[in-house]
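> Kindly generate the corresponding structure for this input.
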Amino acid sequence: MIEVDVFIEHPIDFEMLVARSVVVEVHGLGLRIASIEDLIALKQLADRPQDREDIRALEAIARQKGGVVS
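Next up is the predicted model:
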């Protein structure tokens with residue numbers, strides 16, 4: 001089973017979110033995914049226990065890719 005988070009309000013400007021997103025292929029479908037930096041920001045806003053774990057993992061990925069972690 002795949003779980004997807006959906007937000008109703010736009011805590012990050014939608015146009016900026018799309019501009020920074022990436023498209024990945026999953027089972028032959030192109031899926032637009034928020035950038036690591038935007039995912040971290042969204043998870044900081046949600047601030048659930050699992051989000052805190054996810055933030056640590058996303059920050060590690062960003063460091064491996066040479067990205068900036070705030």
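> which SSE is the most centrally placed residue in the chain in?
Central residue of the chain (CA atoms, centre = their mean): L39, 2.4 Å from the mean position. Using DSSP states H and E, L39 sits within helix 36-46.
> What residues sit buried inside that helix?
For helix 36-46, burial by neighbour count (16 or more other CB atoms under 10 Å) applies to 36-43. (C-beta placed from N, C-alpha, C; glycine too.)
> mind saving the C-alpha coords of it as CSV?
Presented in CSV, the C-alpha positions along helix 36-46 are these (Å, rounded to 0.1, in the frame of the first residue of the first chain):
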residue,chain,number,x,y,z
ILE,A,36,13.7,18.0,-0.5
GLU,A,37,13.9,21.5,0.9
ASP,A,38,10.2,22.1,0.4
LEU,A,39,9.4,18.6,1.9
ILE,A,40,11.5,19.5,5.0
ALA,A,41,9.6,22.8,5.3
LEU,A,42,6.2,21.1,5.0
LYS,A,43,7.2,18.5,7.6
GLN,A,44,8.4,21.2,10.0
LEU,A,45,5.0,22.8,9.7
ALA,A,46,3.2,19.5,10.4
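> Report the mean per-residue pLDDT for that helix.
Averaging pLDDT along helix 36-46 gives 93.
> Give me the phi and psi angles of the residue lying farthest from the centre of the chain.
Distance from the C-alpha centroid of the chain peaks at G28, with 20.8 Å (CA atoms, centre = their mean). When read as degrees, to the nearest 10, the backbone of G28 gives phi 80, psi 0.
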